[in-house]
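[1] got a predicted structure plus its sequence, pasted below:
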Number of protein chains: 2
Amino acid sequence: MSLLSEKSFILENWNIALPVTIILLVTVYLISKRKKTDLDGAEYIGADNSIKTDENCYEDTEFTPSLDDKDHVLFPGAKVVLDGGATKFYEIVNDRRSVRKFSKKPVPFEIIKQCIQAAGTAPSGAHTEPWTFCVIADETIKNEIRDIIETEEYLNYSQRMHRQWTTDLKPLKTNHVKEYLSDAPYLILIFKQIYGIRNDGKKKQHYYNEISVSIATGILLCALQAAGLNSLVTTPLNCGPALRTLLNRPNNEKLLVLLPVGYAAEDCKVPDLRRKDVDEILFTY
Amino acid sequence: MSLLSEKSFILENWNIALPVTIILLVTVYLISKRKKTDLDGAEYIGADNSIKTDENCYEDTEFTPSLDDKDHVLFPGAKVVLDGGATKFYEIVNDRRSVRKFSKKPVPFEIIKQCIQAAGTAPSGAHTEPWTFCVIADETIKNEIRDIIETEEYLNYSQRMHRQWTTDLKPLKTNHVKEYLSDAPYLILIFKQIYGIRNDGKKKQHYYNEISVSIATGILLCALQAAGLNSLVTTPLNCGPALRTLLNRPNNEKLLVLLPVGYAAEDCKVPDLRRKDVDEILFTY
């Protein structure tokens, strides 16, 4: 056992060999973690990184689909469409603007509910429907949300965001003060569920959950506009965990966006923006 | 200079000290890279990771906003709405299903154009409008796209995707053969622009570009349904670079989703799915 002998180089230099070994292991671990993101789209497979591409690691597990495996049914194509079609639809959504000053005028909850029902028709990876819509009407909770966001946004604007970012936001006249969070009759907090729980208690992977929930958000915006309501898509930087805790949401839900919803205030102003022409965004082949 | 003396511990053990130093530096570098992702949302700031939060690194650069800094204008609220409001809108979008078998029946290009125009009204981080819609009608290019995707998807299904993933897809009866890519009259490839180019030639950051483009995709789906068209949101795993090259798109564009668009085939079948009830996705506070 020469390695353990009095003359062993490693034992003699244990005070160097031990940290070297630890550092080597940490380095290998960090590099192996980084390698995993090489597969395009792998970040959507499930944010807990528990999916392995190596078959053997699941050898003794049975695989059952998360959905029931039923016969498919005939589909006659789109039947409930819009009078006026694509032209009319464009006119409706082109009237939408992001609004930062809301009236306190109440909005019937039933309309909000129908809009969220519409959002829930979005497609999702393997039909996982990985969305949660929290609707806040309570004044106290709205004020608590405003407190959390304004505190973080002050740090974002003053310290975390690069000056180019805050400069880019200047024409939109935004800052860390968010009156709309207490003025708007509703706040809708949209969470992406990064995984789900199956009936058998196992974790259910939510493939491409961020894209799916963002698509649902797009449908929600159309529904709100169709109903004559105004909103604003916000992404409160670094507020997710505090808001999740405040609303007592489970660990698998991460805040994606927050929308104040209601009617624009009478003196509401918006940036004098133009949208890109269709020729700037559409390319034909 | 005791460190450089004959008795110097470091010099005597240089064969250990040198690797230790290198490994330490690599470890510190890797850990510092990882630390950057701690800031919630930082991954959306720009996929080229060139934004620094350290102010000093841009000290000698002038900051000008990407948008013109004009006076804001009065906004009267949503005026162009849907007859029937949220109820009617829900009926329309609830009729949408993801379709995997398309008729070859032609669709006027004008309708596709109007739908994309509608998608282009989506909100985006700092009004960057970071989307490109490539519409493919050419049969040869459609077949080239099908070749690229079927080759990759064969590898995805057989090797890259975990068996739980392919099992979860079984009720949807999907595999690597994608007839809809050549049958549908149009393929719409939606690219997210991870950065833009300003008028002064500088890089323009596209904040939260993936969320923005996914929201635009949600609006596009509503527009297509409003026009009586069917589609399918697909995320061709690992095909992005090949498709970008085929279409000769610039480096700042990354494929987000691909949609075949047209009318459902007469014998089109869809999975016998239910959607979650609104009470399963909506929580009130």
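    That came through fine. Residues are numbered from 1 along each chain as shown, chains lettered A, B, ... in the order given.
[2] every contact and neighbour count from this point should use C-alpha atoms.
    OK.
[3] and stretch A:176-193, what's its mean pLDDT?
    Mean pLDDT, computed over stretch A:176-193, is 96.
[4] that stretch close to chain B?
    No. Stretch A:176-193 lies out of reach of chain B by C-alpha under 8 Å from any C-alpha of the partner chain, never closer than 9.4 Å.
[5] whichever strand in chain A runs longest - contacts with which helices or strands?
    As assigned by DSSP state E, the longest strand anywhere in chain A is strand A:253-262. Counting contacts by 3 or more C-alpha pairs under 8 Å, 6 or more residues apart in numbering or on different chains; DSSP states H and E, strand A:253-262 packs against strand A:186-193, helix A:209-226, strand A:230-231, helix A:240-246.
[6] I'd like to know which of those is closest to A:Glu150.
    helix A:240-246 (12.3 Å; C-alpha to C-alpha).
[7] just the CA atoms of the closest one, as CSV, please.
    The C-alpha atoms that make up helix A:240-246 are tabulated as CSV, following Å, rounded to 0.1, in the frame of the first residue of the first chain:
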residue,chain,number,x,y,z
GLY,A,240,-41.7,36.6,-8.1
PRO,A,241,-40.8,34.8,-4.8
ALA,A,242,-42.3,37.6,-2.6
LEU,A,243,-45.5,37.7,-4.5
ARG,A,244,-45.8,33.9,-4.6
THR,A,245,-45.4,33.8,-0.9
LEU,A,246,-47.9,36.6,-0.4
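[8] what number of residues lie near the closest residue to A:Cys239 other than its chain neighbours?
    Nearest residue to A:Cys239 in three dimensions, chain neighbours excluded: A:Ile149, at 6.2 Å (C-alpha to C-alpha, 6 or more residues apart in numbering or on different chains). Applying other C-alpha atoms under 10 Å in any protein chain shown, we find 23 residues neighbouring A:Ile149.
[9] before we move on, what about A:Lys269?
    By other C-alpha under 10 Å, the residues close to A:Lys269 number 18.
[10] contacting residues for it?
    Shown in contact with A:Lys269 (C-alpha atoms under 8 Å, 6 or more residues apart in numbering or on different chains): A:Val99, A:Lys101, B:His72, B:Val73, B:Leu74, B:Phe75.
[11] whichever of the residues you listed end up buried, select them in PyMOL.
    Selection of buried members from the contacts of A:Lys269 for PyMOL, criterion 16 or more other C-alpha atoms under 10 Å in any protein chain shown:
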select buried, (chain A and resi 99+101) or (chain B and resi 75)
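[12] of the contacts of A:Lys269, which belong to strands?
    Using DSSP E, these in strands are B:Val73, B:Leu74.
[13] now do A:Phe89 against A:Ile211, distance only.
    According to C-alpha to C-alpha, to the nearest Å, A:Phe89 stands 23 Å off from A:Ile211.
[14] same thing with A:Glu266?
    35 Å.
[15] what about these two, which has more around it?
    More crowded of A:Glu266 and A:Ile211, by other C-alpha under 10 Å: A:Ile211, with 26 against 13.
[16] where exactly do the strands run in chain A?
    With DSSP E as the criterion, chain A has strands at A:73-74, A:131-136, A:186-193, A:195-197, A:203-205, A:230-231, A:253-262, A:269-270, A:282-284.
[17] pass me the low-pLDDT residue ranges in chain A, would you?
    Applying pLDDT under 70 to chain A flags the ranges A:1-11, A:31-61.
[18] neighbours around the residue nearest to A:Gly85 when sequence neighbours are not counted, how many?
    In this structure, A:Gly85 finds its nearest non-sequential neighbour in B:Ala227, 4.3 Å apart by C-alpha to C-alpha, 6+ apart. Neighbour count for B:Ala227, taken as other C-alpha under 10 Å: 25.
[19] verify the stated contact: B:Ala227 with A:Val81.
    Yes. With contacts defined as C-alpha atoms under 8 Å, B:Ala227 counts as touching A:Val81 at a distance of 6.2 Å.
[20] one step back: for B:Pro185, find the nearest of the helices and strands packed on strand A:253-262.
    Evaluated with C-alpha to C-alpha, the helices and strands packed on strand A:253-262 place helix A:209-226 nearest to B:Pro185, the distance being 23.2 Å.
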